[in-house]
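J.: I'd like to go over a predicted model; first the sequence, then the structure.
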Amino acid sequence: MKNVLISIIMPVYNADKYLQKTIESVLNQSFTAFEFIAINDGSTDNSSVILKKYARIDKRIIFIEQENSGVSQTRNKGLLLAKGKYITFLDSDDLLSRNFLEALFNISEKYNADIAITGYS
């Protein structure tokens, strides 16, 4: 993928109740130069089915299936795959506001930041 500025890493474990809304909040971002690394960490529900569906729809989604390894190892796997200038982690039940990535990218670039931390509600 060309011009990936942000890599979004999302471990998924049995999140089928929340997953569609979470994915939609990522795909509806005002900032579009991202890759979305979604790693199914051995879910036993329909999480894999949902992730595969969206990966077929949007080429920015990189879908990985693995046996359960825990959230830390799953995030580390995402870090190895990430191509973005910046990296953000997302939980599979989080919802991003429409301008989340744009705001973080702009502020990080403006201040040449090594890290940016946000609040949540």
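T.: Sure, I can see it.
J.: report the buried residues of stretch 74-84.
T.: For stretch 74-84, burial by neighbour count (16 or more other C-beta atoms under 10 Å) applies to T74, R75, K77, G78, A82, G84. Yep, even glycine has a C-beta here, placed from its N, CA and C like the rest.
J.: next, the contact list for the third one, please.
T.: So that's K77. I39, I64, Q66, S69 (C-beta atoms under 8 Å, 6 or more residues apart in numbering).
J.: what's the distance between it and K53?
T.: 22 Å (C-beta to C-beta, to the nearest Å).
J.: dump the buried residues of stretch 74-84 into a markdown table; add distance to R98 and pLDDT as well.
T.: Formatted as a markdown table, the buried residues of stretch 74-84 follow (distance: C-beta to C-beta, whole Å; pLDDT from 0 to 100):
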| residue | distance to R98 | pLDDT |
| --- | --- | --- |
| T74 | 26 | 98 |
| R75 | 25 | 98 |
| K77 | 28 | 98 |
| G78 | 23 | 98 |
| A82 | 23 | 98 |
| G84 | 19 | 97 |
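J.: return the per-residue confidence for T118.
T.: Here, the pLDDT recorded for T118 equals 86.
J.: for this protein, give me the ranges with low pLDDT.
T.: Along the chain, the model assigns pLDDT under 70 to residues 1-2.
J.: all strands for it, in order.
T.: For the chain, strands defined by DSSP state E occupy the ranges 6-12, 34-41, 61-66, 86-89.
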